[in-house]
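Undergrad: Just to be clear, the model below is a prediction. Sequence and coordinates:
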Amino acid sequence: MTEREKEHWQTFTQTGQVRDYLRYLHCRPALRDEPNPRRRIQDSSKYKNFY
């Protein structure tokens, strides 16, 4: 966790506001690079017809 991420996380834990949590998420590059979890589930179960 970078220094900026820590700063945003500490701000979020103190305030508990969604705005601060979204700032924390926005500064995390790993989350932006991950594939869409719904797409991953659909691809892993493409022979099921409940989507």
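TA: Nice, thanks for sending it over.
Undergrad: Which residues are in contact with F12?
TA: Contacts for F12 (C-beta atoms under 8 Å, 6 or more residues apart in numbering) come out as D20, Y21, R23, Y24. The C-beta positions use only the backbone N, C-alpha and C, and glycine is treated the same way.
Undergrad: What confidence value was assigned to the nearest residue to E5 once chain neighbours are set aside?
TA: In space, and not counting its chain neighbours, E5 is closest to C27: 5.6 Å by C-beta to C-beta, 6 or more residues apart in numbering. What the model reports for C27 is a pLDDT of 85.
Undergrad: C27 contacts M1, doesn't it?
TA: No: using C-beta atoms under 8 Å, C27 makes no contact with M1, being 10.0 Å away.
Undergrad: For T11, what is the enclosing helix or strand?
TA: helix 3-15 (DSSP states H and E).
Undergrad: Quick check: next helix or strand after that helix?
TA: Following helix 3-15 in sequence, per DSSP H and E, is helix 18-26.
Undergrad: now that next one against helix 3-15, angle please.
TA: 160 degrees (axes from the mean of the first three to the mean of the last three C-alpha atoms, to 10 degrees).
Undergrad: From the chain's centroid, how far away is helix 18-26?
TA: 10 Å (C-alpha atoms, centre = their mean, to the nearest Å).
Undergrad: buried set for that helix?
TA: Using 16 or more other C-beta atoms under 10 Å as the test for burial, helix 18-26 gives D20, Y21, R23, Y24.
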